[in-house]
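S.K.: give me coordinates for this.
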Amino acid sequence: PENILLLDDILIPVSAPRPSSSSSKGRYLRPAQVGVKIIDFGSATFEDDYHSSLINTRQYRAPEVILGLGWDMSSDVWSLGCILMELYTGNLLFRTHEHLEHLAMMEKIIGPMPANMLEAAVSTDGRRYLSPASLGSSGGSVTDAPFSEEAGGEREKRDRREEREESSRLRLNWPEGSSSTNSEERVRNCVPLQALVLPHHRIFSDFVASLLQIDPQARPTPGDALMHPFFSADLLE
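M.R.: Numbers count the residues shown, from 1 in each chain. All right, here's what the predicted structure looks like:
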C-alpha cells in the first residue's frame, strides 16, 4: 500500500496461504517484524476545512465519495479496511480504474448499496451510476430499509412504506453501464470478503467487514475499531 512503511526491512521466507499472482510457487517473503509507520499527510484535511469532492487513492476510495455524498473521517476507516486486505492477500481488494465498476465490485465483495445512499445520490454527480430498478437488476443491488410496525399511526406506516418503495426503485446501472465485457468479467470474478480469508482467520475478516460497511454511518470510529476482539486474539499462521 502507498505511504505505509515497514519499520524493519528483514524478510523471512514462508509458504503462501493461497496461490496468487505474486507467489506462483507457493512461497513468498514476509517481514520478520510487522510494525508499520504511516507517512505523507500532505492531503490531510481538518474537519472544519473545505472538503474536496474527490479524495483517496482510487482503489481505497469509499462508496460515499464515488457517489458524491460528502465524506468525513469514516472514509479513512473504509480505506483502512482496503489496505488491511491488501496486506493480507498481497493484492488490491478493488483492482479497478472506473467508478461504476468499482461500485459494482463493492456490491459483489461487500454487499448491496443501501437504498438511502442511492436515493441521496440522485441529486449528485453519482446519479450517472444509477438506473431504475424496474429496468431489471444484475442480482439485487438495493437493500430494503427495515420497516417498523411499531406505534406511530397508520399514516406514518403508510409514509414509511411509500418511502421504502420509492427507494427500492433505484439500483446501480450495472451491467448495462459497463465499459466493456472485460469490465463485467472483472466484477464477476470478485468473491465475497469472507472467501478471501482463511477459515481460522475469521476474526480478522469480521474486523475488516466492520470497517468496510457500505454505509459510512455504520462504520466504527477509529477508537471503537481498536476495541474489536481481533486485537486481543491469537491468530494461527
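S.K.: quick one: contacts for the spatially most central residue of the chain?
M.R.: Nearest to the geometric centre of the chain sits Leu212, at 4.4 Å (Cα atoms, centre = their mean). Residues in contact with Leu212 (Cβ atoms under 8 Å, 6 or more residues apart in numbering) are 78, 81-82, 110, 193. Every C-beta, even on glycine, is put in place using the N, C-alpha and C of the backbone.
S.K.: also Ile39?
M.R.: Counted by Cβ under 8 Å, 6+ apart, Ile39 has contacts 3-5.
S.K.: repeat for Thr45
M.R.: With Cβ under 8 Å, 6+ apart, Thr45 has these contacts: 51-52, 55.
S.K.: that older thread, any chance of a markdown table for the contacts of Ile39, columns pLDDT?
M.R.: Shown next, in a markdown table, are the contacts of Ile39 (pLDDT from 0 to 100):
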| residue | pLDDT |
| --- | --- |
| Asn3 | 72 |
| Ile4 | 73 |
| Leu5 | 78 |
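S.K.: tell me the one of these nearest Leu92?
M.R.: Ile4 (13.7 Å; Cβ to Cβ).
S.K.: measure that closest one to His51 for me?
M.R.: For Ile4, the distance to His51 equals 23 Å [Cβ to Cβ, to the nearest Å].
S.K.: can you report phi and psi for the closest residue to Leu6 other than its chain neighbours?
M.R.: In space, and not counting its chain neighbours, Leu6 is closest to Pro31: 5.2 Å by Cβ to Cβ, 6 or more residues apart in numbering. Dihedral angles of Pro31 (phi, psi; degrees, to the nearest 10) stand at phi -60, psi 140.
S.K.: begin at 788, not 1, for the rest of this chat.
M.R.: With 788 as the first residue, the last one maps to Pro818.
S.K.: so who does Pro818 touch?
M.R.: Residues near Pro818 by Cβ under 8 Å, 6+ apart: 793, 795-799.
S.K.: stretch 1017-1024: which residues count as buried?
M.R.: Neighbour-count burial for stretch 1017-1024, counted by 16 or more other Cβ atoms under 10 Å, picks out Phe1017.
S.K.: returning to what we had before: give me the subset of the contacts of Leu999 lying in helices.
M.R.: Judged by DSSP state H, the subset of the contacts of Leu999 located in helices is 865, 868-869.
S.K.: and of those residues, the nearest to Gln846?
M.R.: Distances from Gln846 to the ones in helices among the contacts of Leu999, taken as Cβ to Cβ, are shortest for Cys869 (6.6 Å).
S.K.: quick one, what contacts that closest one?
M.R.: 846-847, 879-881, 999.
S.K.: make CSV out of those residues and add distance to Asn969, pLDDT and secondary structure.
M.R.: Formatted as CSV, those follow (distance: Cβ to Cβ, whole Å; pLDDT from 0 to 100; DSSP: H, G, I helix; E, B strand; the rest coil):
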residue, distance to Asn969, pLDDT, secondary structure
Gln846, 17, 94, helix
Tyr847, 22, 94, helix
Leu879, 17, 96, coil
Leu880, 19, 98, coil
Phe881, 16, 98, coil
Leu999, 25, 98, coil
